[in-house]
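S.K.: Give me coordinates for this.
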Amino acid sequence: MKKIIFSAILILQALVTFAQKPTGISGKVIDSKNQKPLQNVIASIQNTNLTEVTDADGKFVFKSIAVG
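M.R.: Numbers count the residues shown, from 1 in each chain. Down below sits the predicted model:
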């Protein structure tokens, strides 16, 4: 019985640690007329100071964004 409880605690601890892992947001900016990627476009998240610039493929990534 002690082994089962100990195993359950270890599994729950691993799940809690995984759940608190920072997340990210990524996307791609394309031209609405010709569907080509746009580079050097500033992507931002409203009501924050977070900004990223798109790469040559129109992609951007906000890393380590806290949940909420």
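S.K.: for stretch 55-68, which positions count as buried?
M.R.: 58, 60, 62 (16 or more other Cβ atoms under 10 Å). Where C-beta positions appear, they are placed from N, C-alpha and C, glycine not excepted.
S.K.: which of those lies closest to residue 37?
M.R.: Checking these against residue 37 with Cβ to Cβ, the nearest one is residue 58 at 2.8 Å.
S.K.: That closest one reaches residue 41, doesn't it?
M.R.: Yes. Under the criterion of Cβ atoms under 8 Å, residue 58 makes contact with residue 41 at 7.3 Å.
S.K.: and the end-to-end length of stretch 44-55?
M.R.: End-to-end distance for stretch 44-55: 14 Å, by Cα to Cα, to the nearest Å.
S.K.: I'd like the average pLDDT over that stretch.
M.R.: For stretch 44-55, mean pLDDT is 90.
S.K.: in that stretch, what's buried?
M.R.: 52, 54.
S.K.: Now name the helix or strand holding the spatially closest residue to residue 26 that is not a sequence neighbour.
M.R.: Once flanking residues are discounted, residue 26 sits nearest to residue 61: 4.5 Å by Cβ to Cβ, 6 or more residues apart in numbering. Element membership for residue 61 (DSSP states H and E) is strand 59-65.
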